[in-house]
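S.K.: structure for the following, please:
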Amino acid sequence: MKEIKKIKLWGGNPPTHNELFDTEIVNSEEILEIVNITEPELTIYSPEEANNTGVAVIICPGGAYAGLAITSQGYDFADWLVNLGITAAVLKYRMPNGHQEVPLDDLQESIRYLRKNFKNLGINKNKIGVAGFSAGGHLAALASTLFSLEGISTRPDFSMLFYPVISMGLHTQEDTYQNLLGKQPSPDTIGKYSCQKQVRAGTPPTLILVSDDDTVVSPLNSILYYEALKKHNIPATLYLFPQGNHAWGIKGNNMFGEKFDYLEEAKVLIMKWLLSYY
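M.R.: Residues are numbered from 1 along each chain as shown. Next up is the predicted model:
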């Protein structure tokens, strides 16, 4: 590995506030290792120059928009990617606390940061993708559908979604829904943040991995998004594993301490899919 560096997004001064005023809490013993996040940060893992493919991935850990499982769904995945020659940037995004725009603002600023600094980071500015786990998958899907092409484009070049929340309506995950949208969102807001309804012609190619026995986020979320992608002729790949439940991460242990039996197969599939971006 070449180096790891941390970047404070927005120069440490985000344009909006999520109205969380308590001190950030870090506890590595909890599933949600970080809560009360008010200062967004990128941790960038860069590969050795001889191994550098020029591809970059911004990683959005999950946590129901209440906190982040940042090791198993962030740092561990970054460590795996960097050994493949991929620059991996783990995003510690702010929790929305009902302010829907906050996490997406942070992810879009991350994309802008990588595009502005592509030379120094040793990456191709046209090979910047996003990856997201659970609620982080929802965030990555939002970035893939609600992007702007004005100025520095915030459109990801590809996206990888792991057992994502997609819908804010039918089949949603209730904690994710409430933490993002608040208690009484309008129908328009529910529609805007239901990613399957926002897919459009420029939505990037997408890889989706999910377990059929997921008891936390219905696999129907992934199917809804896949169907929407295909309706718009977006290249999409969906792998539905028979076992694994939820939040298995790249090391293969889910949030219940159970083993994901198809981890090695999943790794091969991810690598094969990523090869098209090398």
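S.K.: mind listing the helices for the stretch 51-200 of the chain?
M.R.: Using DSSP state H, counting those that start in this stretch, the helices of the stretch 51-200 of the chain run over 76-82, 101-116, 118-121, 135-145, 174-181, 187-192.
S.K.: which among the ones you listed is found nearest to residue 216?
M.R.: Within the helices of the stretch 51-200 of the chain, the stretch nearest residue 216 is helix 174-181; the backing value is 9.2 Å (Cβ to Cβ). From N, CA and C alone the C-beta is placed, and that goes for glycine too.
S.K.: mean confidence for that closest one?
M.R.: For helix 174-181, mean pLDDT rounds to 96.
S.K.: identify the residues contacting residue 123.
M.R.: Shown in contact with residue 123 (Cβ atoms under 8 Å, 6 or more residues apart in numbering): 54-56, 87, 114.
S.K.: typed the wrong thing, it's residue 36
M.R.: By Cβ under 8 Å, 6+ apart, the contact list for residue 36 reads 20, 22-25, 67, 95.
S.K.: tell me the residue furthest from the middle of the chain?
M.R.: For the chain, the residue at maximal distance from the C-alpha centroid (Cα atoms, centre = their mean) is residue 50, at 27.4 Å.
S.K.: hang on, the earlier thing: in strands, which of the contacts of residue 123 fall?
M.R.: Among the contacts of residue 123, the members found in strands (DSSP state E) are 56, 87.
S.K.: residue 160: which of the contacts of residue 123 is nearest?
M.R.: The closest of the contacts of residue 123, once distances to residue 160 are taken by Cβ to Cβ, is residue 55, at 11.6 Å.
S.K.: residues near that closest one, how many?
M.R.: Residues lying near residue 55 (other Cβ atoms under 10 Å) number 23.
S.K.: got a pLDDT number for it?
M.R.: pLDDT, read off for residue 55, is 97.
S.K.: wait, it sits on residue 87?
M.R.: Yes. The pair residue 55 / residue 87 is scored as a contact, 7.1 Å apart, by Cβ atoms under 8 Å.
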